[in-house]
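> this one's structure only:
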């Protein structure tokens with residue numbers, strides 16, 4: 001089971017890393033803003049192909065080595081877990097290293113070619129576009145917390161019958177492999193952490209919904225479609241993640257409250273089902289968003305006057321990955337490499353939304369152990 005989980009993870013990470021330069025929006029190449037008309041520039045195409053080729057080679061090599069290693073010798077669970085974590089990390093670091101290499105190459109190319117010379121940069125706004133936004137309503141994200149509160153109440157009522165040793169960690173096969181002495185914090189830890197995560201999702205969806213819809217004046221139609229698609233499907237994906245995490249935590253908590261409630265086969269297969277749902281959701285998100293206003297869209301579509309483009313915001317992006325713009329009221333903005341959202345690090349509210357829940361969970365974990 002552990003082999004299957006990590007094999008699927010390696011394959012997914014490999015495919016995602018290979019494809020990522022091709023499904024980001026056309027006006028951003030390795031974190032650098034370019035005009036629409038330069039999207040098919042031969043040097044840019046060459047950079048992307050080199051990235052994909054090298055990443056593919058490393059990914060195939062790691063996948064083959066993982067299969068050969070797992071089949072060649074006997075390994076214990078710890079060795080498989082460590083190897084299954086390290087190998088995807090190597091693929092990610094390979095992609096990140098290539099990203100930075102081509103990021104600086106693109107910066108140099110853009111400066112040498114002076115692509116924005118003679119191009120008017122404008123900020124495009126469409127006040128009617130909000131009415132077409134299909135992000136899920138934030139109150140919907142509060143619904144899963146009802147389950148968490150019910151788990152807290154149920155656990156409190158059944159506290160006396162809990163075992164003397166409470167599980168604190170589960171291995172990839174769904175079986176507990178670490179325990180702590182019985183206490184109120186140990187018994188209620190999982191549902192409390194679940195509530196914190198659920199309300200973090202509430203905050204992320206709310207402030208993402210309030211964020212600006214950035215339209216590129218160089219290609220208004222495709223830019224609108226991408227923004228609406230990004231907002232809609234990331235909202236749905238976030239909700240699926242919230243539901244899946246709720247089901248997983250509820251499964252573990254109920255198994256603690258009612259010994260032998262679930263058969264061993266369910267305990268074995270649950271992690272694989274959870275991971276499959278999440279990866280499938282991520283794949284659907286990549287397809288739905290990545291096929292719009294990107295290389296996957298097919299023929300490049302140019303509208304109107306090529307002498308008009310959206311704002312070049314490279315100065316607000318550190319390395320093309322970290323966004324710091326005090327002038328932008330948005331808490332979350334579209335990533336420049338990958339799919340989804342990243343935080344505007346110039347807005348303190350974002351730290352509270354993302355780091356606050358993480359800090360609380362760490363504190364609770366310390367008290368449990």
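Okay, I see it. Quick caveat: nothing in here was measured; it's all calculated off a predicted structure. Residues are numbered from 1 along each chain as shown.

> avg pLDDT for stretch 214-231?
The predicted model gives stretch 214-231 an average pLDDT of 86.

> look up the closest residue to residue 353, ignoring the ones flanking it.
By the measure of CB to CB, 6 or more residues apart in numbering, the closest residue to residue 353 outside its immediate chain neighbours is residue 203, 4.2 Å from it. Placement of C-beta: from N, CA and C, glycine included.

> okay, and that neighbour sits in which element?
Using DSSP states H and E, residue 203 sits in helix 184-210.

> so what secondary structure elements neighbour that helix?
Using 3 or more CB pairs under 8 Å, 6 or more residues apart in numbering; DSSP states H and E as the contact definition, the elements that helix 184-210 packs against are helix 144-157, strand 165-170, helix 220-257, strand 332-334, helix 348-368.

> returning to what we had before: isn't the residue nearest to residue 353 right up against residue 355?
No - the criterion here is CB atoms under 8 Å, and residue 203 misses it with residue 355 at 11.5 Å.

> who has more neighbours, the two?
When residue 203 is set against residue 355 and neighbours are counted by other CB atoms under 10 Å, the residue ahead is residue 203, at 19 against 12.

> quick one: mean pLDDT over the strand or helix carrying residue 18.
Assigning secondary structure by DSSP H and E places residue 18 in helix 2-23. Averaged across helix 2-23, the pLDDT comes to 87.

> return the set of buried residues in it.
Burial within helix 2-23, assessed by neighbour count using 16 or more other CB atoms under 10 Å, is assigned to 2-3, 5-7, 9-10, 12-14, 16-23.

> how far does the helix holding residue 203 sit from its chain's centre?
Chain-centre distance of helix 184-210: 17 Å, with CA atoms, centre = their mean, to the nearest Å.

> buried residues, that helix. List them.
Across helix 184-210, burial judged by 16+ other CB under 10 Å covers 186-209.

> give the phi and psi angles for residue 272, as a check.
Note on residue 272: its backbone torsions stand at phi -70, psi -40 [degrees, to the nearest 10].

> what number of residues lie near it?
Residue 272 is flanked by 17 other residues according to other CB under 10 Å.

> ok, it to residue 238 distance?
From residue 272 across to residue 238, the span is 22 Å (CB to CB, to the nearest Å).

> where does the protein have its least confident helix or strand?
strand 165-170 (a mean of 70; mean pLDDT, DSSP states H and E).

> give me the contact list for stretch 311-318.
Contacts made with stretch 311-318 from outside it, assessed by CB atoms under 8 Å, 6 or more residues apart in numbering, are listed as 31-33, 107, 116, 121-123, 320, 323-325, 328, 336.

> list just the nearest of those residues to residue 157.
Using CB to CB, residue 323 is the member of the contacts of stretch 311-318 that lies nearest residue 157, at 46.6 Å.

> my read is that the closest one contacts residue 345, right?
Yes - with the criterion set as CB under 8 Å, residue 323 and residue 345 qualify as a contacting pair; they are 6.4 Å apart.

> show me which of the two is the more surrounded one.
Using other CB under 10 Å as the criterion, residue 323 and residue 345 rank with residue 323 on top: 24 against 15.

> okay, and the beta partners of the more buried one?
Beta-bridge partners of residue 323, counted by DSSP bridges, are residue 317, residue 344.

> and residue 96, what does it touch?
With contact set as CB under 8 Å, 6+ apart, residue 96 has no partners.

> before we move on, which element is it in?
According to DSSP H and E, residue 96 maps onto helix 77-113.

> now that helix: buried residues?
Buried residues in helix 77-113, defined by neighbour count with 16+ other CB under 10 Å: 80-81, 83-84, 87-88, 91, 94-95, 98-99, 102-103, 105-106, 109-110.

> so where's the stretch 51-200 of the chain uncertain?
Under the criterion of pLDDT under 70, the regions of the stretch 51-200 of the chain flagged as low confidence span 72-73, 75-77, 168-177.

> if we use 90, what do you get?
Confidence mapping of the stretch 51-200 of the chain against pLDDT under 90 gives the ranges 65-85, 115-131, 158-190.

> what of the stretch 251-369 of the chain?
Residues of the stretch 251-369 of the chain meeting the criterion pLDDT under 90: 251-280, 282-283, 285-313, 327, 338-340, 354-355, 358, 360-369.

> what separation do you get for residue 291 and residue 60?
In terms of CB to CB, residue 291 sits 25 Å off from residue 60.

> the two: which is more packed in?
Shown here are residue 291 and residue 60; by other CB under 10 Å, residue 291 has more neighbours (16 against 12).

> for the spatially closest residue to residue 249 that is not a sequence neighbour, give me its contacts.
Closest residue in space to residue 249, ignoring its immediate chain neighbours: residue 194 at 4.4 Å, by CB to CB, 6+ apart. Residue 194 is in contact with 148, 151, 245-246, 249-250, counting by CB under 8 Å, 6+ apart.

> among those, which two are most distant?
Using CB to CB, the two most remote members of these are 151 and 245, lying 12.8 Å apart.

> neighbour count winner among those two?
Between residue 151 and residue 245, counted using other CB under 10 Å, the more crowded position is residue 151 (22 against 18).
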